[in-house]
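**Student:** kindly generate the corresponding structure for this input.
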Amino acid sequence: MRQPQFGNYLEEFKVGSVINHTARKTILESDNNLFTLLTMNHHPVHLDVEYCKKHPHGKILVVGTLVFSLVVGFTVADISGKAIANLDYEKINHDGPVFIGDTLHAETEILKVRESKSKSDRGIVYVETRAFNQKNEKVLTFRRHVLITKRNV
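**Tutor:** Below you'll find the predicted structure:
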């Protein structure tokens with residue numbers, strides 16, 4: 001039986017294509033609580049229901065870096081599964097709030113693909129990932145450069 005492919009080689013990325021990632025996640029209160037503890041982000045907007053009642057959103061906000069981390073994870077099987085390294089993350093925009101109970105999904109557009117200037121066995125893929133909640137409202141956008149191996153080199 002053939003194993004499913006994990007990640008893509010440089011040659012498989014095509015500029016303009018959009019990958020709809022199959023991974024999805026409903027954010028649970030326990031996810032948010034654990035992440036605030038692990039990262040020592042104890043801002044009451046992420047933990048205190050009474051505090052949040054007086055905040056503009058009126059309820060607990062999920063920590064933005066948790067949202068970012070989950071969405072990056074959604075992309076691994078399709079984008080960085082064969083990566084040598086993620087070179088950078090840029091233009092990280094929190095486009096909308098994420099609340100406990102929201103279900104997130106993501107898509108990634110391939111913006112640029114180029115071979116390495118110094119090593120012939122790899123290249124760089126430049127992508128933009130967009131995440132959405134269950135209402136299809138955009139909640140996060142970011143770009144990154146990923147160093148990817150070439151096939152059979």
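**Student:** kindly export stretch 69-82 (C-alpha atoms) in CSV.
**Tutor:** Extracted in CSV, the C-alpha atoms of stretch 69-82 (Å, rounded to 0.1, in the frame of the first residue of the first chain):
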residue,chain,number,x,y,z
SER,A,69,0.1,28.6,15.8
LEU,A,70,-3.0,26.4,15.0
VAL,A,71,-3.2,27.9,11.5
VAL,A,72,0.5,27.3,10.8
GLY,A,73,-0.1,23.7,11.9
PHE,A,74,-3.0,23.4,9.5
THR,A,75,-0.6,24.1,6.6
VAL,A,76,2.2,21.6,7.4
ALA,A,77,0.9,18.6,5.5
ASP,A,78,0.5,20.7,2.3
ILE,A,79,3.1,23.5,2.5
SER,A,80,6.1,22.7,4.8
GLY,A,81,6.0,18.9,5.1
LYS,A,82,9.1,18.7,2.9
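**Student:** quick one: the helices in this protein?
**Tutor:** Using DSSP state H, the helices found in the chain span residues 29-39, 49-53, 64-75.
**Student:** could you export these as CSV, including distance to E128, mean pLDDT and mean neighbour count?
**Tutor:** From N, CA and C alone the C-beta is placed, and that goes for glycine too. Putting the helices of the chain into CSV (distance: least, Cβ to Cβ, whole Å; pLDDT from 0 to 100; neighbours: other Cβ atoms under 10 Å) gives the following:
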stretch, distance to E128, mean pLDDT, mean neighbour count
helix 29-39, 24, 96, 14
helix 49-53, 31, 94, 12
helix 64-75, 11, 97, 19
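**Student:** for the ones you listed, give me JSON lines that also has distance to G81.
**Tutor:** As requested, the helices of the chain are exported to JSON lines (distance: least, Cβ to Cβ, whole Å):
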{"stretch": "helix 29-39", "distance to G81": "23"}
{"stretch": "helix 49-53", "distance to G81": "38"}
{"stretch": "helix 64-75", "distance to G81": "9"}
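**Student:** burial measure for the residue lying closest to V113 once chain neighbours are set aside, as a count.
**Tutor:** Nearest non-adjacent residue to V113, counting by Cβ to Cβ, 6 or more residues apart in numbering: F13, 4.9 Å away. Residues lying near F13 (other Cβ atoms under 10 Å) number 23.
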